[in-house]
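# Curious how this folds, go ahead:
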Amino acid sequence: MVFNLLLLSYLFKLSTFYILVDVKSQSELILSGPKYEGIYLFDVKANSVKKLSEGNAYKLALSPARDRIVYRDYDKVKLLHFDGKERVVAEQPEKVGFPVWVDDTLIAYTYNGEILIVDTLGNLKHSISGVRSYYIDYSPKAKMFAFQEDDQIYLIDWDGNKKKVSVEGTCFAPIFSPDGFYVAYNEISKGIYLYNLNLNENFYVSKGSNPCFSSDGSLIAFNISQDDGHNITASEIYIYSVSGKIANRITNTKEISEIRPIFSPDGKRIYFCTSEGQVGYLNFSKFLR
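All right, here's what the predicted structure looks like:
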């Protein structure tokens with residue numbers, strides 16, 4: 001079921017093309033440039049952008065304390081501080097997977113069919129075999145990793161017990177809910193699904209892409225886009241209530257194509273970027289949960 005609850009979109013006045021990657025705080029956004037080149041910090045209140053690194057921001061990971069970033073630099077995992085200082089945490093002979101935080105002291109990434117868990121100095125603390133993927137996510141509540149392999153979504157625990165959880169099709173980009181009860185993922189032709197770990201069931205959410213949970217896990221923001229085969233021609237933001245199983249369209253802006261919605265930590269705003277490289281937000285203080 002889909003309802004409309006239309007909110008106004010506001011755009012920041014930025015002169016350069018940016019992609020919204022993550023939200024550090026209520027008023028600080030992590031951005032990147034075209035093709036995810038460069039990592040930037042945008043201070044919303046001051047309307048100022050600071051370049052932190054030349055690194056590639058695609059699938060970077062913000063620490064649980066929101067004070068550091070890890071990202072992949074082909075065969076390296078790098079740790080970046082918000083003062084711009086960075087260093088190599090791990091290096092392998094060939095390409096590594098995109099790193100994620102296990103907690104504020106441990107980082108996980110994939111290499112050569114394994115998940116490798118290291119501390120922030122690069123010391124190996126644990127490994128889990130049987131994971132052929134560059135893309136993983138971790139839930140400290142569920143104590144499991146989610147990953148995509150052979151177009152399916154799997155869960156694996158620290159002992160290496162592995163289980164397929166996705167529907168049939170071409171599935172990708174799993175993310176855990178903050179409470180560890182759900183995994184959201186995409187199926188390429190149908191859209192977004194939600195897997196319930198307790199019930200061992202999949203629920204269809206909606207067509208669309210870029211799902212993002214609110215900090216309390218009660219809502220999922222995502223965009224539904226149209227394209228001409230090359231470029232996005234229109235895109236709107238929707239909200240899905242996990243408990244109510246209801247999707248609501250919250251934008252209706254022909255002149256703005258909102259994509260990649262991300263909740264602020266307090267849930268009062270949804271930040272987004274556009275297909276034209278702009279960055280904006282919606283004020284979002286009240287909503288049916």
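
# where does the protein have its least confident helix or strand?
Within the chain, confidence by mean pLDDT, DSSP states H and E is lowest for strand 2-4 among all helices and strands, at a mean of 45.

# What spatial separation is found between Glu187 and Lys24?
To Lys24, Glu187 is 31 Å away according to C-beta to C-beta, to the nearest Å. Glycine gets a C-beta too; all of them are placed from N, C-alpha and C.

# Next up, the contacts around the residue nearest the centre of the chain.
The chain has Cys212 as the residue nearest its centroid, 6.3 Å off, counting by C-alpha atoms, centre = their mean. By C-beta atoms under 8 Å, 6 or more residues apart in numbering, the contact set of Cys212 is 175, 220-222, 260-263.

# immediately after the least confident helix or strand of the chain, which helix or strand?
strand 10-11 (DSSP states H and E).

# got a list of contacts for that following strand?
By C-beta under 8 Å, 6+ apart, the surrounding residues in contact with strand 10-11 are 256, 274, 278-283.

# redo that, cut-off 7 Å
Here strand 10-11 makes contact (C-beta atoms under 7 Å, 6 or more residues apart in numbering) with 278, 280-281.

# low-scoring stretches of this protein, by residue?
For the chain, the stretches with pLDDT under 70 are 1-6, 285-289.

# Give me the buried positions along stretch 260-276.
Across stretch 260-276, burial judged by 16 or more other C-beta atoms under 10 Å covers 260-264, 267, 269-275.

# let me fix that: stretch 155-171
155-156, 162, 165-166, 171.

# And those residues, which is closest to Val89?
Using C-beta to C-beta, Ile156 comes nearest to Val89 of the buried residues of stretch 155-171, at 21.9 Å.

# shouldn't that closest one be in contact with Lys162?
Yes: judged on C-beta atoms under 7 Å, Ile156 makes contact with Lys162 at a distance of 4.5 Å.

# okay, and the common contacts of these two?
By C-beta under 7 Å, 6+ apart, Ile156 and Lys162 have these common neighbours: Gly130.

# which neighbours does whichever strand or helix holds Ser53 have in its sheet, and in what orientation?
Assigned by DSSP H and E, Ser53 belongs to strand 48-56. Here strand 48-56 is paired, per DSSP bridges, with strand 37-43 (antiparallel).

# can you list contacts of the strand it pairs with?
24, 27-32, 49-57, 60, 69, 80, 82, 279.

# wait, Glu187 sits on Cys171?
Yes: counting by C-beta under 7 Å, Glu187 does reach Cys171; the two are 5.1 Å apart.

# intersection of neighbour lists for these two?
With C-beta under 7 Å, 6+ apart as the test, Glu187 and Cys171 reach no residue in common.

# Now go through the contacts of Cys212 and say which are in strands.
Of the contacts of Cys212, the ones assigned to strands by DSSP state E are 175, 220-222, 260-263.

# Pull the contacting residues for Val44.
Contact analysis of Val44 by C-beta under 7 Å, 6+ apart lists 27-29.

# one more time with 10 Å
By C-beta atoms under 10 Å, 6 or more residues apart in numbering, the residues touching Val44 are 12, 23, 25-29, 264, 269, 271, 279, 281.

# got it, and Ala65?
Contacts of Ala65 (C-beta under 10 Å, 6+ apart): 101, 103-104.

# Correct me if wrong: Val21 contacts Leu31.
Yes: counting by C-beta atoms under 10 Å, Leu31 is a contact partner of Val21 at 6.2 Å.

# what about those two, which has more around it?
Leu31 (26 against 23; other C-beta atoms under 10 Å).

# check which helix or strand covers the more buried one.
Under the criterion of DSSP H and E, Leu31 resides in strand 28-32.

# in its sheet, what does that strand sit against?
With DSSP bridges as the test, strand 28-32 is paired with strand 19-25 (antiparallel), strand 37-43 (antiparallel).

# Could you point out which of these sits nearest Asp227?
strand 19-25 (16.8 Å).

# and that closest one, how far out from the chain's middle?
10 Å (C-alpha atoms, centre = their mean, to the nearest Å).

# In CSV, list the C-alpha atoms belonging to it.
Extracted in CSV, the C-alpha atoms of strand 19-25 (Å, rounded to 0.1, in the frame of the first residue of the first chain):
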residue,chain,number,x,y,z
ILE,A,19,27.5,12.6,-4.2
LEU,A,20,26.1,12.1,-0.7
VAL,A,21,27.9,9.2,0.9
ASP,A,22,26.9,9.3,4.6
VAL,A,23,25.8,11.5,7.4
LYS,A,24,28.3,12.1,10.2
SER,A,25,26.2,14.2,12.5
